[in-house]
Structure formats: structure tokens, C-alpha cells
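Asks: For reference, the sequence and a predicted model appear below.
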Amino acid sequence: MKVNVYTLKGGIKSQIDLPRYFEYPYRPDLIKMAVRIFQLNRVQPHGIKERAGMKVAESWGPGHGISKMVPRVGSSSRGANIPNTRGGRAGHPPTTQKVWKRSMNKKMRRLAKYSALSMTARRDMVLARGHRVEGELTLPVVVEDSLEEVSRVKDAIDVLKNLGLYGDIERASVKRVRGGRGKMRGRRYKRKKSVLLVVKNKENVVKGFGNLPGVDIVTPRELNAEVLAPGTHAGRLAIFTEGAIEEIRGWNE
């Protein structure tokens with residue numbers, strides 16, 4: 001599969017063949033499994049307070065015409081302590097001793113990554129994910145290595161405008177309020193993901209592109225199913241440098 005190599009001005013520099021990892025079939029089952037495992041392995045082990053729900057209560061015993069197995073609060077008939085009562089303890093609460101880590105077969109994890117990587121070359125998948133691509137760019141977008149020298153935000157925005165991808169940054173800049181209790185826990189707003197930059201050396205690129213909304217910057221070594229398919233949805237809009245493509249070409253299965 002041939003794609004164009006673009007300059008920072010948006011012109012076509014040359015054409016290259018993509019590595020074979022961009023031709024793997026779409027496996028949404030493996031992608032979803034791999035992404036979920038990445039997400040679950042970030043969960044912090046947690047438990048409950050040792051005496052949570054255990055109020056001072058005792059059973060009335062037999063002879064009162066009510067269940068003698070339910071502890072009662074004082075002289076009232078209100079049940080307490082046991083799981084099926086209001087304010088009682090949890091039945092099977094989480095514990096910190098639980099093994100929270102989940103694993104996945106190495107070949108399955110690699111296949112999930114290759115499948116998600118190949119979907120970055122499918123225009124229909126990229127557009128279905130909601131990304132905005134202007135013009136007739138070949139996907140994934142491959143740019144000359146001088147992109148790795150862009151260290152100013154102003155220059156980074158100019159590069160994205162020249163490539164016709166700045167509309168996707170504007171799409172991701174819109175914040176929406178999260179539903180549910182998360183609003184109270186330091187994550188009130190949600191933003192969409194935009195461009196994924198895959199570069200060989202990200203020391204300078206992080207300064208230029210790092211603060212743009214929704215942008216992620218990784219090296220080929222850091223690629224995985226989660227950054228290529230956030231939220232288990234494949235088809236991420238990706239920009240690769242020539243050096244990154246050559247490094248991917250040298251991968252050994």
C-alpha cells in the first residue's frame with residue numbers, strides 16, 4: 001500500500017510503501033479485549049472500612065412475631081448490620097487482597113495492536129470515528145522527519161492547518177460536562193481524542209503539540225491498542241514521520 005509523504009507546507013514530497021503491519025484484518029473483539037485490560041490494570045486496589053455498616057444492634061430472640069435472625073437497633077424494630085437491611089454492611093465488598101491485575105496472551109495483544117494500526121489507514125474507519133480530514137490526504141498521514149524539530153505551538157498549528165487537520169483539533173477542543181458522580185471527583189469535563197503523533201524522537205514535538213486538545217504523542221515502541229483505538233473504537237487519525245514508519249518496518253513479530 002503506497003501513501004504520500006507530505007512536507008510541513010502540505011505539499012507532496014514523495015511516496016513510500018507502508019509496512020505490512022498496516023494490512024492486518026479488522027479484529028474488534030481483540031481490540032476491545034486489549035483496551036479493556038489496559039484500562040482495568042490502572043484501577044487502584046480499594047476496599048471498605050472494616051466496621052462499615054456494623055451498627056450497635058442485637059437480635060430480639062424468639063417470641064416477638066418477627067424474624068429472630070435480624071439484629072434490631074435499640075428498642076425499635078428497625079433491622080441493621082446484615083446486608084439485606086437499610087444501612088447494613090456490604091455482602092461481598094471489594095478487598096485490597098484481591099488480585100486486580102489482568103493479563104492477555106502476547107500473540108493476541110500483538111494482533112490487537114496490528115489490527116488497530118491497520119485501521120489508521122482506512123479512511124472510512126477514521127471518518128466513522130468522527131475525525132475531520134480536509135482534502136484528499138492519504139491515510140495514515142506520513143510527514144517528513146523535520147516535523148520532529150517543531151517545538152513552538154504556533155508552528156505546530158501552522159503545520160496542522162497546512163495538512164488540513166486543524167479542524168479535528170477544533171472538534172476536540174469542545175468540552176462537555178460528564179454525566180454522573182464524576183463531576184464531583186475532579187473530572188467534570190470530557191474531551192474527545194484528536195490526532196495521534198507517532199515520531200521517532202518526541203523531545204521537541206511534545207513542546208509544540210503536547211498542549212493541543214486531544215493530541216497524543218508516542219514513539220513506535222509505545223504504540224498499543226489503547227492509543228490506536230481509544231475507548232475500544234478503532235480508526236484513530238494518525239500522523240507518522242518517515243523515521244517512525246521505518247522503525248515500524250523493522251519490527252519483529
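Replies: On my side now, so go ahead. Numbers count the residues shown, from 1 in each chain.
Asks: Identify the residue nearest P94 in space, chain neighbours excluded?
Replies: G47 (5.5 Å; C-beta to C-beta, 6 or more residues apart in numbering). From N, CA and C alone the C-beta is placed, and that goes for glycine too.
Asks: Pull the contacting residues for the one you found.
Replies: P93, P94, T95, T96 (C-beta atoms under 8 Å, 6 or more residues apart in numbering).
Asks: which element is it on?
Replies: Using DSSP states H and E, G47 falls within no helix or strand.
Asks: Where does the prediction get shaky in the stretch 101-250 of the chain?
Replies: In the predicted model of the stretch 101-250 of the chain, no residue satisfies pLDDT under 70.
Asks: can you rerun that using 90?
Replies: Residue ranges of the stretch 101-250 of the chain with pLDDT under 90: 135.
Asks: tell me the strands in it, going along the chain?
Replies: With strands called from DSSP state E, counting those that start in this stretch, the stretch 101-250 of the chain shows them at 141-143, 176-177, 189-190, 196-198, 216-218, 238-241.
Asks: Quick one, which of these gets closest to V73.
Replies: Among the strands of the stretch 101-250 of the chain, strand 176-177 comes nearest to V73, with 40.0 Å by C-beta to C-beta.
Asks: if we can go back for a sec, closest to G10 out of the strands of the stretch 101-250 of the chain?
Replies: Closest to G10 of the strands of the stretch 101-250 of the chain is strand 141-143 (C-beta to C-beta; 9.7 Å).
Asks: and that closest one, which strands flank it?
Replies: Strand 141-143 pairs in its sheet with strand 2-6 (parallel), strand 238-241 (parallel), by DSSP bridges.
Asks: Now do that strand: everything it contacts.
Replies: By C-beta under 8 Å, 6+ apart, the residues outside strand 141-143 that reach it are 3-8, 16, 159, 163, 165, 237-242, 245.
Asks: got the buried residues for it?
Replies: V141, V142, V143 (16 or more other C-beta atoms under 10 Å).
Asks: likewise stretch 103-120?
Replies: Neighbour counts over stretch 103-120 (16+ other C-beta under 10 Å) mark 104, 109-120 as buried.
Asks: cool, stretch 78-98 as well?
Replies: Residues G79, A80, N81, T85, G88, R89 are the ones in stretch 78-98 that count as buried (16+ other C-beta under 10 Å).
Asks: Let me see the contact set for the last one.
Replies: If a contact means C-beta under 8 Å, 6+ apart, then R89 has A52, G53, M54, N81, I82, P83 as its contacts.
Asks: What spatial separation is found between it and A57?
Replies: 11 Å (C-beta to C-beta, to the nearest Å).
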